[in-house]
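A.B. asks: after the sequence you'll find the predicted model.
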Protein chains: 2
Amino acid sequence: MTMNIKEKVIEIGRNARNAANILANISSDIKNRALLQMADEMVRQTGHLVSENAKDLDYAGKKGLSSAMIDRLTLDEAAIKEVANGLREVAVLPDPVGKITSMWRRPNNLLIGRMRIPLGVVGIIYESRPNVTADAAALCLKSGNAIVLRGGSEAINSNVAIVKILQEVLRNVGIPEDAIQIIPVTDRAAVGVMLQLEEYIDIIIPRGGEELIRAVVEQSKIPVIKHYKGVCHVFVDVNADLDMAQSICINAKTQRPGVCNAMETLLVHKDIAEKFLPVMAEKFRDAGVVLKGCKETRTILPDIEGATEDDWYEEYLDLILSVRVVEGIDEAMAHIEKYGSLHTESIITRDYNNSQRFLNEVNSSSVLVNASTRFSDGFEFGLGAEIGISTTKLHAFGPMGLEELTTTKFIVYGDGQIRT
Amino acid sequence: MTMNIKEKVIEIGRNARNAANILANISSDIKNRALLQMADEMVRQTGHLVSENAKDLDYAGKKGLSSAMIDRLTLDEAAIKEVANGLREVAVLPDPVGKITSMWRRPNNLLIGRMRIPLGVVGIIYESRPNVTADAAALCLKSGNAIVLRGGSEAINSNVAIVKILQEVLRNVGIPEDAIQIIPVTDRAAVGVMLQLEEYIDIIIPRGGEELIRAVVEQSKIPVIKHYKGVCHVFVDVNADLDMAQSICINAKTQRPGVCNAMETLLVHKDIAEKFLPVMAEKFRDAGVVLKGCKETRTILPDIEGATEDDWYEEYLDLILSVRVVEGIDEAMAHIEKYGSLHTESIITRDYNNSQRFLNEVNSSSVLVNASTRFSDGFEFGLGAEIGISTTKLHAFGPMGLEELTTTKFIVYGDGQIRT
C-alpha cells in the first residue's frame, strides 16, 4: 500500500465525521428531496451508468467470473429503474431522527425523554452487487448517518459512477457531499485502514459471505454488526396441521434456497415422523431437494444419505436439507440451541403451550409459529427497509431497519432543579 | 499465571453461559424471592461479612491505602444494611424480561412483536467498593443475565464472602448458583483471560477510573460499554435567570465534585459575563472552588489563573472549574463538540429557540435545560437503577438501567403463511 492510499482513506473517514455532524440536523424534507432527486438522476444518467458498468462486466468476463456473479453485477435499464424505485421508497419511510420514543415526568417536575439521533458514520463493506451502493447510501442518508462504502473490486467502476451521481444531488440540495463517500481504490489494504478508524466510523456492517464477515471482524477496531450464517430450523410438532407443515417446509427450503433465512434443518416429532416424512420426502424430491437424515429418519427414508455431526452446523445455501427425528419440543429446542446460529426458527404446531414455550424459550433473533422462516427480513417484518441482520444481541438482534441505524439521547426540561 | 488460573477463568465463563441459558426463563417471582432473601441473608450474616472485610481493611492499612480508599472499602453494619436495602429496591423494580415493546399486524395477517430478552452473560470489572458486588449482581439477576464479577484485589475477601451468600440463596430458590460468580483470585492475568472469552461473555462493563477503563478496552475481545470521563458543561445564556444560573452552577460543581456528572467547564455568554461572573466567582470562592479562565474571563476576574488548551479537555473531579466567555450559543455548542466527552451538558436560558436548539443539536448522551448536570444518573432519570453510563452510541447512550441489560427478539404469530 502506498502512503497515498492510507492517507486517502483516513481523509475519507475524517470528512465523513464532519459531514455527519451537519447531516444529523438536516430536516426530513431536505433528505427526502435528495432521495427523490437521486432516483430521477440515476434514471436520467442510465446511459452513463450502463457504460461504466460495461467496464466492470468486460473485466469480469476476462476474469472468467461465473454467470451468477455476472448476473449480480449487471446494471441494465431495468436494474437501474429498480434501484431508483428503492430510493423513492426510502423517501416515503418515516424519518426516525428526532422521534421522542418516550417521555416521563419525575417527582421533582423534571420532564425527561429519549430522542432518536443518528449513530454518526456507518461503514458498509460489501461484495459485487452495485445496487447495494445506492440502497445503503439511501438508508444511511434517511437516518442522518454519513456512509463510507467499500464495494467489491469487480464493481468499482459502477459503484464510483453511482456515488458521483448521489454526491451531485447532495451538493444541489445543500447537504455536504461527504455524507456519501466510496473508497475509490480496489487495493485490499484500504479495508484494513478503514477498519482502524474508530475515531471516525461508528459502526461497520459487512454484507456478504461468511468468509468476508469473519475477515472484517478479525481486523476491525470498530464494532461490527453482523450475522455469520443462518442455520434456520423448522420443528414440526406432533399435532401440527400436516398440510400447513408441508407447505411451510417447501417454502422455507425452496422459495429461495441461497439466502440466510432459508431452512437448513428440519426437526420432526417422532410420533408423526412415519406419517409425515414419506409424504414430505416426495414433495422435496419433486422440488429437487436432497435430504440427509439422522438414524431414525433413515429407518423411515432408507434411500437418503446419512447426516454427519457437521451437517447439523451447516448452512447449505442450496437444495440440501438435513432432517432429524426428535423426542419432542425439548429435544428440538436443545438441538436449536446447540447447532443453531441465533437467526430464525419456526415451530409448526396446534398446541398452545408448545407455541408459547417455543416463542419464549428459543433464544434466536426471530422465532415464528406456523409461518415460513423466509419472512425474517426487514421488509417482510414491516420495518420498511433492511440494512442488515444481526445475530449478536448488542444494539440490534434480528433484521435491522432505519431505527437500528439510530440511538437515543436523554433530553431533560427543567425549571431550575438542583440535586440535593 | 499458572495454567490453573486460566483454566479456572474459562470454567467460570462456561458455567456462566450455561447458567444464563436457564436463568433467561426463570420467572420474576423466583428472581424477586431470591433478591429479598439475599437482603435478609446479608443482614443476618453481618458478623461474618464484617470479619471478612476486616482482613481486607487490615491489608489495606499495611499497604498504606488512603483514608478515602479505606472508607470506600469498609463494610460495617450500616453499609451492609444499605446494600440490603438496595437489593430490596431491585426486587420491586419491574422485570424487563419478556416485555413486549411493540406489536403490529402485517397485511398478510402475521402478528409480529418485539420481546425483551436478557443479553446473556455480563462481565463487571470494578475497583474497591464491595457494595458494587451485590448491586451489580442484583441488577443482572433481575434482568435475567448471569454475571462474572472481577473486583479490586483490595476487596477480595469481602467480595468472595458476599458472593458466597448470594450463591447460597440462589441454590435455595432453585436458580443455578453459577448465575453469580466472582473471579476468586487477585492475579492480574485473570482479567486478560476473562476479556478473551467472547464465546461466554456478551458484554463487559468496567466501573472505575479512566485508566482502568482504557486498559479494559485495549485488551477486550468482548464489546465494552463505557464512558472514559465526563467533561460536563453548563452554558449560561444571555437572558438566563441569573439566580437560577448561580444555584445550578454551584450545585453542578460542588454538590459532589468527584463524580462524572459534575460540571467541569462553565461557558458564559459575553453579554452577561461582566454582570454574572463577579457574583458567581464570589460564590465559587466561598465554596472553595478554584477557577481557571480564558482571556476574556480574566479581564473580568483578573485574580484567577489562566486556562490552558489542556484545561478544556480536563475532568478535574475536584473543586476546580475552567471558565470561558463565548460569543453565543453557536460558540458554546462548538466548544462542547470539540472538547466535550458526550456525557452531560446543560443550558441555562429563558430563550425558547435556544433551549430547543441546544436539546436538538448537542450531541451528548444527556442534554438538559435549566437543570443541574448532576441529574444525569439512572436513579435520578427514573430508570430505577443504574448499571453504568455509556458515552458511545451503540446499544446504549447515557445512563443504563435494567432495560439496557436486555435486547429484543422478534416473535411472530402465523397461521400458515408462506412467502411468495
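C.D. replies: All right, it came through fine.
A.B. asks: neighbours around whichever residue of the stretch 151-300 of chain A sits closest to chain B, how many?
C.D. replies: Using C-beta to the nearest C-beta, the single residue of the stretch 151-300 of chain A nearest to chain B is residue A:251, 3.7 Å away. Heads up, the C-betas are built off the backbone N, CA and C, glycines and all. When neighbours are counted by other C-beta atoms under 10 Å in any protein chain shown, residue A:251 registers 22.
A.B. asks: what sits against it?
C.D. replies: A:372, A:374, B:418-419 (C-beta atoms under 8 Å, 6 or more residues apart in numbering or on different chains).
A.B. asks: give me the phi and psi for residue A:233.
C.D. replies: Note on residue A:233: backbone dihedrals following degrees, to the nearest 10 are phi -120, psi 150.
A.B. asks: hey, what's it bridged with?
C.D. replies: residue A:265, residue A:345 (DSSP bridges).
A.B. asks: can you count the residues close to it?
C.D. replies: 28.
A.B. asks: next: residue A:364.
C.D. replies: By other C-beta under 10 Å, 25 other residues sit near residue A:364.
A.B. asks: same thing with residue A:98?
C.D. replies: Using other C-beta under 10 Å, residue A:98 is surrounded by 16 other residues.
A.B. asks: residue A:396 contacts residue A:390, doesn't it?
C.D. replies: Yes: using C-beta atoms under 8 Å, residue A:396 is in contact with residue A:390, at 4.5 Å.
A.B. asks: so what sits against both of these two?
C.D. replies: A:225, A:404.
A.B. asks: and the longest strand along chain A, how far out from the chain middle?
C.D. replies: Looking across chain A with DSSP state E, the single longest strand is strand A:406-417. Put simply, strand A:406-417 sits 32 Å off its chain's centre (C-alpha atoms, centre = their mean, to the nearest Å).
A.B. asks: do stretch A:96-106 as well
C.D. replies: Mean-position distance between stretch A:96-106 and its chain equals 27 Å (C-alpha atoms, centre = their mean).
A.B. asks: any residue of it up close to chain B?
C.D. replies: Yes: judged by C-beta under 8 Å from any C-beta of the partner chain, stretch A:96-106 comes into contact with chain B through A:98, A:104, A:106.
A.B. asks: pull out the buried positions in that stretch.
C.D. replies: Residues A:96-98 are the ones in stretch A:96-106 that count as buried (16 or more other C-beta atoms under 10 Å in any protein chain shown).
A.B. asks: and if you look at stretch A:195-202?
C.D. replies: In stretch A:195-202, the ones that count as buried by 16+ other C-beta under 10 Å are A:195-197, A:200-202.
A.B. asks: can you give me the end-to-end distance of it?
C.D. replies: 10 Å (C-alpha to C-alpha, to the nearest Å).
A.B. asks: ok and the residue in the stretch 251-400 of chain A nearest chain B?
C.D. replies: For the stretch 251-400 of chain A and chain B, the shortest gap (C-beta to the nearest C-beta) falls at residue A:371, measuring 2.8 Å.
A.B. asks: pretty sure residue A:263 is touching residue A:254, no?
C.D. replies: No: the pair residue A:263 / residue A:254 is not scored as a contact, 9.1 Å apart, by C-beta under 8 Å.
A.B. asks: so for those two, which residue has more residues nearby?
C.D. replies: More crowded of residue A:263 and residue A:254, by other C-beta under 10 Å: residue A:263, with 29 against 19.
A.B. asks: any idea how far residue A:237 is from the more buried one?
C.D. replies: Separation of residue A:263 from residue A:237 (C-beta to C-beta, to the nearest Å): 15 Å.
A.B. asks: now do residue A:53
C.D. replies: Applying C-beta to C-beta, the value for residue A:53 to residue A:237 is 49 Å.
A.B. asks: and residue A:333, by the same measure?
C.D. replies: Distance from residue A:333 to residue A:237, counting by C-beta to C-beta: 11 Å.
A.B. asks: do a quick rundown of the helices in the stretch 51-200 of chain A.
C.D. replies: Assigned by DSSP state H, counting those that start in this stretch, the stretch 51-200 of chain A shows helices spanning A:67-73, A:77-92, A:131-142, A:156-173, A:189-194.
A.B. asks: and the longest helix along chain A, what's buried?
C.D. replies: If you go by DSSP state H, chain A has its longest helix at helix A:3-23. Going by neighbour count (16+ other C-beta under 10 Å), the buried part of helix A:3-23 is A:5-6, A:8-10, A:12-13, A:15-21, A:23.
A.B. asks: interface residues of the stretch 151-300 of chain A facing chain B?
C.D. replies: Counting by C-beta under 8 Å from any C-beta, the stretch 151-300 of chain A comes close to chain B at A:202-203, A:223, A:241, A:244, A:247-248, A:250-252, A:255.
A.B. asks: 6 Å instead?
C.D. replies: Counting by C-beta under 6 Å from any C-beta of the partner chain, the stretch 151-300 of chain A comes close to chain B at A:223, A:244, A:247-248, A:251, A:255.
A.B. asks: so which of these are in helices?
C.D. replies: Those of those lying in helices (DSSP H): A:244, A:247-248, A:251.
A.B. asks: output the below-cut-off pLDDT ranges for chain A.
C.D. replies: By pLDDT under 70, the low-scoring segments of chain A are A:1-3.
A.B. asks: quick check: domain ranges of it?
C.D. replies: A:3-226+A:400-411, A:232-380 (automatic domain parsing).
A.B. asks: a markdown table for these, including distance to residue B:30?
C.D. replies: Formatted as a markdown table, these follow (distance: least, C-beta to C-beta, whole Å):
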| stretch | distance to residue B:30 |
| --- | --- |
| domain A:3-226+A:400-411 | 29 |
| domain A:232-380 | 15 |
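A.B. asks: now for the buried residues of stretch A:195-202: which two are most distant?
C.D. replies: A:196 and A:202 (13.8 Å; C-beta to C-beta).
A.B. asks: name the residues contacting each of those two.
C.D. replies: Counting by C-beta atoms under 6 Å, 6 or more residues apart in numbering or on different chains, residue A:196 and residue A:202 have no shared contacts at all.
A.B. asks: residue contacts, the residue lying closest to residue A:349 once chain neighbours are set aside?
C.D. replies: Spatial nearest neighbour of residue A:349, excluding adjacent residues (C-beta to C-beta, 6 or more residues apart in numbering or on different chains): residue A:237 at 3.7 Å. If you count contacts by C-beta under 6 Å, 6+ apart, residue A:237 has them with A:269, A:349, A:354.
A.B. asks: same question, residue A:239
C.D. replies: A:350-351.
A.B. asks: could you dump the ones in helices among the residues of the stretch 151-300 of chain A next to chain B to TSV with distance to residue B:358?
C.D. replies: Below are these laid out as TSV (distance: C-beta to C-beta, whole Å):
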residue	distance to residue B:358
A:244	56
A:247	57
A:248	53
A:251	52
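A.B. asks: of the residues you listed, which is the most crowded?
C.D. replies: Counting neighbours by other C-beta under 10 Å, residue A:248 leads those with 28 neighbours.
A.B. asks: residues near the closest residue to residue A:269 other than its chain neighbours, how many?
C.D. replies: In space, and not counting its chain neighbours, residue A:269 is closest to residue A:238: 4.2 Å by C-beta to C-beta, 6+ apart. Neighbour count for residue A:238, taken as other C-beta under 10 Å: 17.
A.B. asks: residue A:238 and residue A:282, how far apart?
C.D. replies: The gap separating residue A:238 from residue A:282 is 21 Å, by C-beta to C-beta.
A.B. asks: and what of residue A:176?
C.D. replies: In terms of C-beta to C-beta, residue A:176 sits 60 Å off from residue A:282.
A.B. asks: how about residue A:141?
C.D. replies: The gap separating residue A:141 from residue A:282 is 50 Å, by C-beta to C-beta.
A.B. asks: which one of these two has more residues nearby?
C.D. replies: Higher neighbour count among residue A:141 and residue A:282: residue A:141, with 27 against 12, using other C-beta under 10 Å.
A.B. asks: quick one: contacts for the more buried one?
C.D. replies: Applying C-beta under 6 Å, 6+ apart, we find residue A:141 in contact with residue A:31.
A.B. asks: much appreciated, bye for now.
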